[in-house]
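Peer 1: sequence first, predicted coordinates after that:
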Amino acid sequence: MPDCYRIVVCSDSHGDFFGLQRIFDAQPRADLYIHLGDGERELEDIRACYPDRRVLFVAGNCDLGSSAPRYDTCGLGGKRIFYTHGHLFGVKGGIGGAVAAAKREGAQILLFGHTHQPFCSNDGELLILNPGSLSGGSAGYRCGIIDIRDGQISAWNGEVSYGR
């Protein structure tokens, strides 16, 4: 049986509890959910609704008074993940600072938000993913999906339909 793990990545939900809930409902068997900031209030409610799910998060520039870290690392499927909202690394002006921080931490995956623009790149050494703003999709709620299967990483940005 192959090792297979799924990570769901969200960012910049800005008070949209129901959008975040749609993402969690659409991906019920993910191994890990990571929220990249600007949504701590609704994420607290989501964590109460889904207490059995592994949820990690960092504070964004709009999460005022948060005690959450501004960046952090974790591991899954033998891969190290560096995740941040991105404002401390100036990602709106370029991702070099965030890439350097991820490499210093020995990460194979870099996750960031803040720009509200989805982005996904993999140079074989570092997978970089920004899921975009949760509510920024044209037909649904945005999230990023990362699969780690037998040590190989694949990722994409997707949408969950607005439909009821």
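Peer 2: Looks like it arrived, so ask away. Numbering: from 1, shown residues only.
Peer 1: any idea how many residues pack against Thr73?
Peer 2: Under the neighbour criterion other Cβ atoms under 10 Å, Thr73 is assigned a count of 17. C-betas here are computed from N, CA, C, even on glycine.
Peer 1: right, and it touches Ile81 too?
Peer 2: Yes: the pair Thr73 and Ile81 passes the contact test of Cβ atoms under 8 Å, sitting 6.3 Å apart.
Peer 1: overlap of the contact sets of the two?
Peer 2: Overlap between the neighbourhoods of Thr73 and Ile81 consists of Ala107, taking contacts as Cβ atoms under 8 Å, 6 or more residues apart in numbering.
Peer 1: what's the lowest-mean-pLDDT helix or strand in the chain packed up against?
Peer 2: Using mean pLDDT, DSSP states H and E, strand 152-161 stands out as the lowest-scoring helix or strand of the chain, at a mean of 90. Under the contact definition 3 or more Cβ pairs under 8 Å, 6 or more residues apart in numbering; DSSP states H and E, strand 152-161 sits against helix 17-26, strand 119-122, strand 127-130, strand 140-149.
Peer 1: out of these, nearest to Leu110?
Peer 2: When the helices and strands packed on strand 152-161 are compared for distance to Leu110 using Cβ to Cβ, the nearest one is strand 127-130, at 4.7 Å.
Peer 1: need the contact partners of that closest one.
Peer 2: Under the criterion Cβ under 8 Å, 6+ apart, external residues in contact with strand 127-130 comprise 9, 11, 36, 86, 91, 95, 99, 108-115, 117-122, 144, 146, 153, 155, 157.
Peer 1: that strand pairs with which strands, parallel or anti?
Peer 2: Each strand that strand 127-130 pairs with, and the sense of that pairing, follows from DSSP bridges: strand 109-111 (parallel), strand 119-122 (antiparallel).
Peer 1: pick the most deeply packed of those strands.
Peer 2: The highest mean neighbour count among the strands paired with strand 127-130, using mean count of other Cβ atoms under 10 Å, belongs to strand 109-111: a mean of 27.
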